[in-house]
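**Student:** I'd like to go over a predicted model; first the sequence, then the structure.
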Amino acid sequence: EAQVTQNPRYLITVTGKKLTVTCSQNMNHEYMSWYRQDPGLGLRQIYYSMNVEVTDKGDVPEGYKVSRKEKRNFPLILESPSPNQTSLYFCASSFRSPDIPTGGGGMYEQYFGPGTRLTVT
Amino acid sequence: TQLLEQSPQFLSIQEGENLTVYCNSSSVFSSLQWYRQEPGEGPVLLVTVVTGGEVKKLKRLTFQFGDARKDSSLHITAAQPGDTGLYLCAGLSGSARQLTFGSGTQLTVLP
């Protein structure tokens, strides 16, 4: 079954204790991304990766790190979590639709994981 | 940073009614996507619109992309309780590197 998996699904931790949220996809997608979702703010992109060893900051990268050593995995690292990082996190992977012309910039239809609810006390 | 505003933020209607959700921006997007999210799950893609003025239908859902590619709407005909969920619009940047999401419309359809 084609899917994006995240672990753990729920995590409660304390301020300053390093943690990693794993993300894996089995669809051979080149593009992967991390989002956080907060009430009233929608989904905001943290980091994205266009391919192996290529990562770029999204809209809210402060306090987060990522790595893309393999195509299928894209872990999110919080070196020193703080309470303002309490949120619902989603990993997503995507491909370029072959039906969409690239003149307009291409297309990425995203497949999301089930989410990780993180609480930092 | 490109912004997308969705309205209304909350919508509660009776089964059988029609509704429209709006997604507006001052920025031009190369394409726009609509997702639906249920509690405890990640968003699921419903449709992608690419061409200005494009209209796509998915059963009782009709999606339209504005002529100038700055706005979009989602119209649901004869809503059913199974339509309940959070509807998110997302605009793809011209570089095709980032999606900008709206804040979402929480739809509740009462039986």
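**Tutor:** Perfect, I can see it now. Fair warning: this is a prediction, and the values are worked out from it, not measured in the lab.
**Student:** partners of residue B:21 in the sheet?
**Tutor:** Residue B:21 has these beta-bridge partners by DSSP bridges: residue B:74.
**Student:** distance of it from residue A:4?
**Tutor:** The spacing between residue B:21 and residue A:4, counted by Cβ to Cβ, to the nearest Å, is 26 Å. Quick note: C-beta positions are derived from backbone N, CA and C, even for glycine.
**Student:** and the lowest-mean-pLDDT helix or strand in chain B, is it in reach of chain A?
**Tutor:** Here the helix or strand of chain B ranked lowest by mean pLDDT, DSSP states H and E is strand B:99-101, holding a mean of 88. Yes - on the criterion Cβ under 8 Å from any Cβ of the partner chain, strand B:99-101 is in touch with chain A at B:99, B:101.
**Student:** What strands flank that strand, and is each parallel or antiparallel?
**Tutor:** Strand B:99-101 has its sheet partners listed here by DSSP bridges as strand B:85-92 (antiparallel).
**Student:** Below-threshold pLDDT in chain A: ranges please.
**Tutor:** Scanning chain A for pLDDT under 70 picks out A:96-108.
**Student:** residues in contact with the closest residue to chain A within chain B?
**Tutor:** Closest to chain A within chain B is residue B:42: 3.0 Å, counting by Cβ to the nearest Cβ. Residues in contact with residue B:42, defined by Cβ atoms under 8 Å, 6 or more residues apart in numbering or on different chains, are A:4, A:90, A:92, A:112-115.
**Student:** so which of those residues would you say is closest to chain B?
**Tutor:** Out of those, the member with the shortest distance to chain B (by Cβ to the nearest Cβ) is residue A:112, at 3.0 Å.
**Student:** can you pull the contacts of the closest one?
**Tutor:** Residues near residue A:112 by Cβ under 8 Å, 6+ apart: A:4, A:90-92, B:42-44.
**Student:** ok so, going back, secondary structure and distance to residue A:56 for the contacts of residue B:42 - can I get that in a markdown table?
**Tutor:** Formatted as a markdown table, these follow (DSSP: H, G, I helix; E, B strand; the rest coil; distance: Cβ to Cβ, whole Å):
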| residue | secondary structure | distance to residue A:56 |
| --- | --- | --- |
| A:4 | strand | 19 |
| A:90 | strand | 18 |
| A:92 | strand | 15 |
| A:112 | strand | 19 |
| A:113 | coil | 20 |
| A:114 | coil | 24 |
| A:115 | coil | 22 |
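**Student:** List only those of those residues flagged as buried.
**Tutor:** Neighbour counting by 16 or more other Cβ atoms under 10 Å in any protein chain shown classes A:4, A:90, A:92, A:112-113, A:115 among the contacts of residue B:42 as buried.
**Student:** Tell me how far the residue nearest in space to the middle of chain A lies from residue A:6.
**Tutor:** Centroid-nearest residue in chain A: residue A:34, 1.8 Å away (criterion: Cα atoms, centre = their mean). Applying Cβ to Cβ, the value for residue A:34 to residue A:6 is 10 Å.
**Student:** related to what we said a few turns ago, in the least confident helix or strand of chain B, what's buried?
**Tutor:** For strand B:99-101, the neighbour count (16+ other Cβ under 10 Å) marks B:99-101 as buried.
**Student:** Now do the strands in chain B.
**Tutor:** For chain B, applying DSSP state E gives strands covering B:5-7, B:10-14, B:19-24, B:31-37, B:44-49, B:55-58, B:61-65, B:71-76, B:85-92, B:99-101, B:105-110.
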